[in-house]
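**Student:** could you work out the structure for the sequence below:
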Amino acid sequence: MAEFSSYIKSISVFALLMVFTEIFMIEGFYRKYTSFILGIILSIMAISPLIGILKGNGAESFIENIEESILYESENVSFSDENIILKSIFTENAVSYIKNDLKSIGFKYEDVSVEVYENNGEYIIKKIEVTSSEEDTEKAESILKEKYMAEETVFSAY
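**Tutor:** Below is the predicted model of the structure:
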């Protein structure tokens, strides 16, 4: 894990150095050559682990380190992290469906937001908030309440 993160850090630092060099380099004859040489060095840095693998020098340890880092990261994902991800996906999908439903009835809106909470593993829509310039919101409000059963539906004007 440490080798891999060191590898990524060294490439990142060199890439930043390369960017700053190009920014501060004076326009002229040597700029394109400097960029070319720095690009070659960056390429060599990026493929050096692959060259080591092809030669067989430390290939097993390099692969083992990558496998360990992947396993370590997957084991450290907690249940709450999974819940946050699922809640985020549910919220994004709910917003997308609500936007599609509003478009299908011809309701013009500026923004849609949704508040969600979890109850025994189920996600429930607590609040739907729609920002719109339209004054007649009764049809849209009834459709949203009926279909999504939100505890609260708020329409605000912009």
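
**Student:** list the helices and strands the lengthiest strand in the chain packs on?
**Tutor:** When the chain is parsed with DSSP state E, its longest strand is strand 122-132. In terms of contact count using 3 or more Cβ pairs under 8 Å, 6 or more residues apart in numbering; DSSP states H and E, strand 122-132 is assigned the packing partners helix 79-104, strand 111-119, helix 138-148, strand 152-157. Placement of C-beta: from N, CA and C, glycine included.

**Student:** helices or strands next to the first one in the packing?
**Tutor:** Secondary-structure packing of helix 79-104 (3+ Cβ pairs under 8 Å, 6+ apart): strand 111-119, strand 122-132, helix 138-148.

**Student:** 6 Å - rerun?
**Tutor:** Judged by 3 or more Cβ pairs under 6 Å, 6 or more residues apart in numbering; DSSP states H and E, the packing partners of helix 79-104 are strand 111-119.

**Student:** show residues contacting the strand it packs on.
**Tutor:** Contacts of strand 111-119 with the rest of the structure, by Cβ atoms under 6 Å, 6 or more residues apart in numbering, involve 87, 90-91, 94-95, 98-99, 123-131.

**Student:** buried subset of those residues?
**Tutor:** 90-91, 94, 98, 123, 125, 128, 130 (16 or more other Cβ atoms under 10 Å).

**Student:** max pairwise distance over the residues you listed: which two?
**Tutor:** Farthest-apart pair in the buried ones among the contacts of strand 111-119 is 123 and 130; separation 19.4 Å (Cβ to Cβ).

**Student:** the inter-axis angle of the longest strand of the chain versus strand 111-119?
**Tutor:** If you take axes from the mean of the first three to the mean of the last three Cα atoms, to 10 degrees, strand 122-132 sits at 160 degrees to strand 111-119.

**Student:** could you list the domains of the chain?
**Tutor:** 2-75, 80-157 (automatic domain parsing).

**Student:** which of those domains has the lowest average pLDDT?
**Tutor:** Mean pLDDT is lowest for domain 2-75 among these, at a mean of 73.
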